[in-house]
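Participant: what follows is a predicted protein model with its sequence.
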Amino acid sequence: MTPETLVQLLYLVSTALFILSLRWMSDPETARKGVFSGVGAMLLAVAGTLAGVAATGGTHYWWILGAFALGSAIGYPLALVPLTAVPQRTALSHAFGGLAAGLVGTAKYFLYYGQRNAEALAPFIVVALVAEILLGFLTFTGSLLAAGKLQEVAWIPQRPVTYPFQNLVNFLLFAVALGLGVALVLNPLAPWGPLAFGLIVLLSLAFGVLLIIPIGGADMPTVISILNSYAGLSAVAMGFVLNNKLLITAGALDGSSGLILSIIMCKAMNRSFTNVLFGAFGQTQQKAAGGEEKVYKADTVESAAQIMEQASLVVIVPGYGMAVAQAQHKVRELYDLLKKRGVTVKFAIHPVAGRMPGHMNVLLAEAEIPYDDLVEMDEINGDMPQADVALIIGANDVVNPAARTDKASPIYGMPIIDADKARTVYAIKRSKNPGFAGIDNELYFLDKTFMLFGDAKAVVGELARKLAGEGGMH
C-alpha cells in the first residue's frame with residue numbers, strides 16, 4: 001500500500017465515522033457511541049494528515065503536532081466547564097473553527113500571491129478563498145459576540161442593539177465585500193490584490209458583529225445553529241482550497257446539520273430565518289401609558305409542596321432559569337420524592353428552551369432524569385389539561401399564552417407548552433423582570449398561577465425539603 005493510498009483510506013474511514021457520529025447522536029441511547037465515533041474520526045483525520053506529510057519527506061508534522069498540543073491545552077479546560085455553560089462554550093468552538101478557516105485562507109492567498117502563482121489562484125480557487133474568509137471571519141466575531149451574550153458579559157448588551165437603516169447598512173457592507181471578492185476572482189494577482197483581500201477580512205470581521213448585535217438572547221439557540229452552519233460551510237471552502245476531500249465532506253456534514261437544526265428551531269418559534277437574523281426580536285416593549293398594573297400572586301413553598309404532594313400528575317417545565325441556577329440536581333431530588341409518593345412526574349421540553357438546541361435535555365440528563373420522562377412539547381400538550389400541577393422552573397416565553405392570542409406580541413404564533421391548561425400553576429422566577437422577548441408573561445397573572453420568587457436551586461431545594469418532611473410536613 002502506497003503512502004497516498006494509506007492517507008486516502010484513513011480519510012475514508014474518518015468520513016464514515018463522522019457520518020455514523022451524526023447518526024448515533026440523533027438518539028439518546030446511542031449518543032455516547034456517537035461522541036466516541038466523532039472523536040475517533042478526528043483522530044484518524046489528524047493521523048492521515050501526519051501520514052501525508054511524512055510520506056512527502058517533509059518535517060512540517062512538527063508544526064502539526066505543536067498545534068495539536070496547543071489546541072489540546074486550550075480545549076481540555078474548555079471541556080471542564082459546567083453543563084450550564086455549554087451554550088457559550090459551543091459558540092467559542094464555532095469561533096475557533098471560523099478563525100482557523102479564515103487564517104488558512106489568508107495564508108494561502110498571500111502564499112500564492114507572493115509566488116505569483118496564477119495557476120494556484122485559478123478563478124474557482126479564488127471563489128473558494130473569498131467564501132472561506134467571508135464565512136470564517138464572520139463566524140469568528142459573530143460567535144464571540146454570541147458567547148458574550150450567553151455569558152451575560154457586563155459590557156455586551158443582552159437586548160438587541162438597533163439603529164436606523166441597520167439592515168441596509170449591513171447589506172451594503174456585505175455587497176462591498178462581495179464586490180471586492182469578484183474583483184479578486186477576475187484579477188487575483190493585481191497590485192491592489194492584498195489591499196482588497198485585507199478589506200474583505202475587515203468587512204467580514206465587522207459583519208459578524210453587526211449580524212449578532214440586533215439579535216436578542218431569546219434567539220440564541222437558532223443563532224448558534226446558524227453559526228454552526230457557517231463554520232461548516234467555511235470548512236467546505238477550505239477543503240476546496242487545500243484539495244482535501246475529508247474537509248469538504250466533514251464541512252458539508254457540519255454545515256447541512258446546522259442548517260437543518262436552524263430550520264427546526266425556526267419552525268419551533270414559528271418564525272423565518274430573515275425574521276431571526278433581521279427582526280431584532282427581544283426588544284423591551286414599553287407599557288401603555290395609564291395601563292393597568294398587573295399583580296403577581298405569591299405563595300409559600302410549604303403550600304406548593306402540599307399541593308404537589310396531593311397531585312396525581314405534575315408536569316415540570318424547565319427553562320433558562322434552571323440552567324442559570326444550576327438547579328438540575330435539586331430538580332432530580334424533587335422528582336425522586338414525588339415519585340416515591342406515587343405522583344407521576346413528566347418534564348415538558350420546548351425545542352428552544354434555554355440558550356442552545358437541546359439545552360434542557362443535556363442538563364436533565366446530567367442529573368440522570370430518566371429520558372422516558374422527558375416529553376417533547378407536541379406530545380405533552382395533550383396531557384396538560386389532566387395535570388394537577390404545572391411547575392415552571394425559570395421558563396418564560398415558551399409558556400406565554402400571548403403567543404396564541406395577542407397578534408401584537410412579538411412571540412405571536414410561536415408554539416408553546418400549554419401550561420395554562422393545568423389545574424394549578426406554580427412558577428419559580430428570580431424576579432419580576434420579563435423574559436428575553438421583553439414582554440410580560442400572561443400565564444403569571446392567571447387566577448390559577450402562584451409565584452415562588454427566588455433562585456431556582458434554592459426554591460426547588462426547599463420544596464424537596466418540605467416534601468421530605470424536614471419542614472414539618474407529614
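Facilitator: That came through, no problem.
Participant: show me where this protein has strands.
Facilitator: 313-318, 344-349, 374-376, 389-393, 424-429, 449-453 (DSSP state E).
Participant: other SSEs contacting the fifth one?
Facilitator: For strand 424-429, the packing partners by 3 or more C-beta pairs under 8 Å, 6 or more residues apart in numbering; DSSP states H and E come out as helix 301-309, strand 389-393, strand 449-453, helix 456-467. (Glycine included, C-beta is placed from N, CA and C.)
Participant: run the angle between the second one and helix 301-309 for me.
Facilitator: Here strand 389-393 points in a direction 130 degrees away from that of helix 301-309 (axes from the mean of the first three to the mean of the last three C-alpha atoms, to 10 degrees).
Participant: right, and residue 403 touches residue 410 too?
Facilitator: No: contact criterion C-beta atoms under 8 Å: residue 403 and residue 410 do not qualify, at 9.5 Å.
Participant: ok, back up a step: can you list the helices and strands packed on strand 424-429 in CSV and add mean pLDDT and mean neighbour count?
Facilitator: Formatted as CSV, these follow (pLDDT from 0 to 100; neighbours: other C-beta atoms under 10 Å):
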stretch, mean pLDDT, mean neighbour count
helix 301-309, 94, 19
strand 389-393, 96, 28
strand 449-453, 94, 19
helix 456-467, 94, 22
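Participant: could these be laid out in a markdown table, adding distance to residue 179?
Facilitator: Formatted as a markdown table, the helices and strands packed on strand 424-429 follow (distance: least, C-beta to C-beta, whole Å):
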| stretch | distance to residue 179 |
| --- | --- |
| helix 301-309 | 61 |
| strand 389-393 | 50 |
| strand 449-453 | 54 |
| helix 456-467 | 50 |
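Participant: looking at those, which is closest to residue 333?
Facilitator: helix 456-467 (4.3 Å; C-beta to C-beta).
Participant: flag every buried residue along stretch 238-256.
Facilitator: Neighbour-count burial for stretch 238-256, counted by 16 or more other C-beta atoms under 10 Å, picks out 238-242, 244, 246-251, 253-255.
Participant: for it, the distance to its chain's centre please.
Facilitator: Offset of stretch 238-256 from its chain centre (C-alpha atoms, centre = their mean, to the nearest Å): 22 Å.
Participant: state the mean pLDDT of it.
Facilitator: Mean per-residue pLDDT for stretch 238-256: 92.
Participant: ok, now stretch 87-100?
Facilitator: Average pLDDT, stretch 87-100: 90.
Participant: to residue 89, which of the helices and strands packed on strand 424-429 lies closest?
Facilitator: Among the helices and strands packed on strand 424-429, the nearest to residue 89 by C-beta to C-beta is helix 456-467 (20.8 Å).
Participant: in terms of secondary structure, what does that closest one contact?
Facilitator: Where contact means 3+ C-beta pairs under 8 Å, 6+ apart, helix 456-467 is packed against helix 301-309, helix 320-325, helix 328-340, strand 424-429.
Participant: tell me which of the ones you listed sits nearest to residue 272.
Facilitator: Taking C-beta to C-beta, helix 320-325 is the member of those nearest to residue 272, at 23.3 Å.
Participant: list the contacts of residue 47.
Facilitator: For residue 47, the contacting residues are residue 10, by C-beta atoms under 8 Å, 6 or more residues apart in numbering.
Participant: pick the one among the buried residues of stretch 238-256 closest to residue 79.
Facilitator: residue 254 (18.9 Å).
Participant: I'd assumed residue 227 was in contact with the closest one.
Facilitator: No: checked against C-beta under 8 Å, the pair residue 254 and residue 227 is beyond contact range at 11.0 Å.
Participant: now the common contact residues for the two.
Facilitator: By C-beta under 8 Å, 6+ apart, residue 254 and residue 227 have no common neighbours.
Participant: what about residue 298, how many neighbours?
Facilitator: Counted by other C-beta atoms under 10 Å, the residues lying close to residue 298 total 9.
Participant: tell me the predicted confidence for it.
Facilitator: pLDDT recorded at residue 298 is 89.
Participant: so what sits opposite it in the bridge?
Facilitator: Counting by DSSP bridges, residue 298 is bridged to residue 451.
Participant: for it, give me its contacts.
Facilitator: By C-beta under 8 Å, 6+ apart, the residues touching residue 298 are 450-453.
Participant: closest to residue 442 out of the residues you listed?
Facilitator: Checking the contacts of residue 298 one by one against residue 442 (C-beta to C-beta), the nearest turns out to be residue 451, at 13.5 Å.
Participant: I'd guessed residue 353 sits against residue 395; true?
Facilitator: Yes: between residue 353 and residue 395 there is a contact at 6.0 Å, judged by C-beta under 8 Å.
Participant: what residues are shared contacts of those two?
Facilitator: Residues touching both residue 353 and residue 395 (C-beta under 8 Å, 6+ apart) are 317-320.
Participant: out of the residues you listed, who's nearest residue 23?
Facilitator: Nearest to residue 23 among those, with distances taken as C-beta to C-beta, is residue 318, at 27.4 Å.
Participant: ok, residue 357 touching residue 221?
Facilitator: Yes: Residue 357 is in contact with residue 221 according to C-beta under 8 Å; the separation is 5.3 Å.
Participant: so for those two, which sits in the more crowded spot?
Facilitator: Each of residue 357 and residue 221 has its neighbours counted (other C-beta under 10 Å); residue 221 has more, 26 against 23.
Participant: dihedrals phi and psi, the nearest residue to the more buried one once chain neighbours are set aside?
Facilitator: Closest residue to residue 221 apart from its sequence neighbours, by C-beta to C-beta, 6 or more residues apart in numbering: residue 352 at 4.8 Å. Residue 352 adopts backbone torsions of phi -110, psi 20, taken as degrees, to the nearest 10.
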